[in-house]
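Enquirer: Provided below are the primary sequence and the corresponding predicted coordinates.
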Amino acid sequence: MRPPKDMDDILDLLRPIAVPPRRPSPATLAADAALAAAYSAHCRADLLRRQTTAELFLRAKWAAIDALPLRRRVEALEEDPTPQDAGRWMWTETPPVKGYKAPGGGED
């Protein structure tokens, strides 16, 4: 097989180039630090919100289960094997992988 005519151009694209190191000013460093602190505070607040929501849900779930008669509690504590709805589009048109067996039994 012959190399393409523009092989030298392709190889030039792959050669590393000298990039000068970034030397930000003190003002830029301060702005970057402020942005990082704001993002960190946002992430912490979001995590706290999600944890609080999950905790409130679990407390309500267990309060509802405790309010049931004993017979119904046993039914309520059984796990539902129905898969959760993804609530978003998921890629499903994947080609088969030779030799792969899905946990529930799949095709090659």
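Expert: The structure has been received and is ready for your questions.

Enquirer: could you use CA atoms for every contact and neighbour count after this?
Expert: Will do.

Enquirer: what mean pLDDT does the helix or strand encompassing residue 71 get?
Expert: If you go by DSSP states H and E, residue 71 is part of helix 70-76. Mean pLDDT, helix 70-76: 90.

Enquirer: residue ranges with poor pLDDT in this structure?
Expert: For the chain, the stretches with pLDDT under 70 are 1-4, 88-93, 102, 104-108.

Enquirer: could you point out the longest helix of it?
Expert: helix 26-67 (DSSP state H).

Enquirer: who are the packing partners of that one?
Expert: Packing partners of helix 26-67 (3 or more C-alpha pairs under 8 Å, 6 or more residues apart in numbering; DSSP states H and E): helix 70-76.

Enquirer: put the alpha carbons of the helix it packs on into PDB.
Expert: C-alpha atoms of helix 70-76 as PDB (Å, rounded to 0.1, in the frame of the first residue of the first chain):
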ATOM      1  CA  LEU A  70     -48.300  -5.700  59.400                       C
ATOM      2  CA  ARG A  71     -49.500  -7.800  56.500                       C
ATOM      3  CA  ARG A  72     -49.200  -4.900  54.100                       C
ATOM      4  CA  ARG A  73     -45.800  -3.900  55.400                       C
ATOM      5  CA  VAL A  74     -44.400  -7.200  54.100                       C
ATOM      6  CA  GLU A  75     -45.800  -6.500  50.700                       C
ATOM      7  CA  ALA A  76     -44.500  -2.900  50.800                       C
END
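
Enquirer: what's in contact with stretch 65-83?
Expert: With C-alpha atoms under 8 Å, 6 or more residues apart in numbering as the test, stretch 65-83 has no contacts from any other residue.

Enquirer: measure it end to end?
Expert: The first and last residues of stretch 65-83 sit 22 Å apart, counting by C-alpha to C-alpha, to the nearest Å.

Enquirer: got the buried residues for that stretch?
Expert: Neighbour-count burial for stretch 65-83, counted by 16 or more other C-alpha atoms under 10 Å, picks out residue 65.

Enquirer: any idea how far residue 44 lies from residue 85?
Expert: 27 Å.

Enquirer: ok, those two, which is more surrounded?
Expert: Comparing residue 44 with residue 85 by neighbour count (other C-alpha atoms under 10 Å), the higher total belongs to residue 44, at 12 against 6.
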